[in-house]
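**Student:** sequence first, then the predicted structure, then my questions.
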Amino acid sequence: MGHPEPVTSALFSPDESRVVTISGSIISIYDAATGTKAQEIDGGTNVPGGVAFSNDGTRIATWGDDGSVSLWDIASGLLIVTFDPATLAGASNGAVWSENNSVVMSWGADAQVHLWNVNLAPSF
């Protein structure tokens, strides 16, 4: 699983069948058994700082220096939604999914915890 830039985040899917990595602005998803790249997503101008799998393994959340949290569909590689707190001053430092995948919680430099209702995001 080679990367063109340093890897800043890596994580197994909940069922350990996939690995997701972040290198620069590129989010890569690999088959954990073979190491074959299954999906490559360009995270855009806001370089993702980290990644979290949904509990069902179908989506990921990424967060970055601008405070936003983006949700991505694993199968298609499409951006589902970007949550952008209007009052956030600084980077998001992490995010986790609720057990039922209905809420993503993020935290960061604004000394706040944000709860994002995933059910309000567009669906595929």
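**Tutor:** Nice, thanks for sending it over.

**Student:** okay, and the closest residue to T8 other than its chain neighbours sits in which element?
**Tutor:** Spatially, and ignoring its direct neighbours in sequence, T8 is nearest to I22 (5.1 Å; Cβ to Cβ, 6 or more residues apart in numbering). In this view, the C-beta of every residue, glycine as well, is placed from N, C-alpha and C. Assigned by DSSP states H and E, I22 belongs to strand 18-23.

**Student:** sheet partners, orientation included, of that strand?
**Tutor:** strand 7-12 (antiparallel), strand 26-31 (antiparallel) (DSSP bridges).

**Student:** name the residues that touch the first one?
**Tutor:** In other words, strand 7-12. Residues from elsewhere that reach strand 7-12 (Cβ atoms under 8 Å, 6 or more residues apart in numbering): 18-23, 32, 48-53.

**Student:** out of those residues, which is nearest to L79?
**Tutor:** P48 (11.6 Å; Cβ to Cβ).

**Student:** name all residues that make contact with the closest one.
**Tutor:** P48 neighbours (Cβ under 8 Å, 6+ apart): T8, S9, I22, S25, I27, T62, W63, G64, S70.
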